[in-house]
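[1] After the sequence you'll find the predicted model.
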Amino acid sequence: MAISGGRTSKICYNKLKMRKAKKILAFSTVLVSLVVSVFLIRDGFDKKAVSQFADLGQNAPIENFPLLNVNFENTLTGTYIQKLTESLQAANPNGFPIINDNPTANVPDVTDINQWLERETTNINIDSLKPVINDNDLRISEDQSTEAIANYVTQYNLIFEKHFNSLPVNINLNVDTATLDDFMKLLDWVSEQFKKINKDLIVLPAPKNIISLHKDLIRNNAAEAALYDLIVNYQRDPLRAMAITPLRNQIIKEKQEIRTNFANFLKTQ
């Protein structure tokens, strides 16, 4: 995201290099939409449950039920599964009796559990992905002149260009032939670039009169990196990853708003 506007409108990216960065970010949008459709929360669990359920004996304990015997400790997915386990156990205090040679189970009412999940996922927002940034964490410059601001814009654009200057060579970027693994590697790479950009921004001297915008840039970059990390590592907490994915559009919208705010500020200088 190059910053431009007002007297500093000439301080921007080389257009070709900027198109490369935009290509990377646009390609990651394709990835986000594809990843959602392959989460193992449905296919992996259900197939495992079907294949192993027949092995359960009469009055089998709930701990042997394969659909629920998955480790998601301290995650949204884990809490949800634990609630389902407790509900299923309460509905089947004597285990799963065999009827006509088939294991059976009383199906509990999970309305309250699903309402809980809806509340939890609704509470997942952009701010939950952003770090707290204090003034002491930054290099704040007392020089608030137009020249100092112009230099900040130049340095920011150079930092962004440095980290998004070239596409990764070890990843297949052909949309027609790229695999899910390629998409995941790309998202992981994009996340790492935003983290590197933020490391550089933390030590970049920022004029005091734009420090709020400076923080907004860093926090937005951090949120996008965190979102991609959750998607790449979706197997650790599939439900949270699915809930977090739609936030990408909000993050991009906020990024555009920050750019607009910056441009409007620069016009006043």
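    Structure's in. What do you need?

[2] Can you list the helices and strands that the helix or strand hosting Arg248 packs against?
    Applying DSSP states H and E as the criterion places Arg248 in helix 247-267. Identification of packing neighbours for helix 247-267 by 3 or more C-beta pairs under 8 Å, 6 or more residues apart in numbering; DSSP states H and E yields helix 211-232. For the C-beta atoms, the positions are set from N, CA and C on the backbone; glycine is no exception.

[3] Dump the helix it packs on to CSV, restricted to CA.
    Coordinates of each C-alpha in helix 211-232 appear next as CSV, following Å, rounded to 0.1, in the frame of the first residue of the first chain:
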residue,chain,number,x,y,z
ILE,A,211,1.9,9.2,14.8
SER,A,212,-1.8,8.1,15.0
LEU,A,213,-1.8,7.2,11.3
HIS,A,214,1.6,5.5,11.8
LYS,A,215,0.1,3.3,14.4
ASP,A,216,-2.9,2.5,12.2
LEU,A,217,-0.6,1.3,9.5
ILE,A,218,1.3,-1.0,11.8
ARG,A,219,-1.8,-2.4,13.5
ASN,A,220,-3.5,-3.0,10.2
ASN,A,221,-0.5,-4.8,8.8
ALA,A,222,-0.3,-6.9,12.0
ALA,A,223,-4.0,-7.9,11.7
GLU,A,224,-3.6,-9.0,8.1
ALA,A,225,-0.5,-11.1,9.0
ALA,A,226,-2.3,-12.7,12.0
LEU,A,227,-5.3,-13.5,9.8
TYR,A,228,-3.1,-15.3,7.2
ASP,A,229,-1.3,-17.2,10.0
LEU,A,230,-4.7,-18.5,11.3
ILE,A,231,-5.7,-19.7,7.9
VAL,A,232,-2.3,-21.3,7.2
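
[4] Any buried residues in that helix, and which?
    Buried residues in helix 211-232, counted by 16 or more other C-beta atoms under 10 Å: 211, 213-232.

[5] which helices and strands does the helix or strand just after it pack with?
    Beyond helix 211-232 in the direction of the C-terminus, DSSP H and E gives the next helix or strand as helix 238-244. In terms of contacts (3+ C-beta pairs under 8 Å, 6+ apart), helix 238-244 is packed against helix 76-91, helix 111-122, helix 211-232.

[6] Can you tell me how far Asp229 is from Asp237?
    11 Å (C-beta to C-beta, to the nearest Å).

[7] right, I mislabeled it, should have said Ile133
    Ile133 is 25 Å from Asp237, where distance means C-beta to C-beta.

[8] Which one of the two is surrounded by more residues?
    Asp237 (21 against 17; other C-beta atoms under 10 Å).

[9] Could you list the low-pLDDT ranges of the stretch 101-250 of the chain?
    Counting by pLDDT under 70, the stretch 101-250 of the chain contains low-confidence ranges at 101-105.

[10] and the chain, what are its domains?
    6-38+129-267, 43-122 (automatic domain parsing).

[11] Which residues are in contact with the spatially closest residue to Arg236 that is not a sequence neighbour?
    For Arg236, ignoring the flanking residues on the chain, the nearest one in space by C-beta to C-beta, 6 or more residues apart in numbering is Thr75 at 6.6 Å. Residues in contact with Thr75, defined by C-beta atoms under 8 Å, 6 or more residues apart in numbering, are Arg236, Asp237, Leu239, Arg240.
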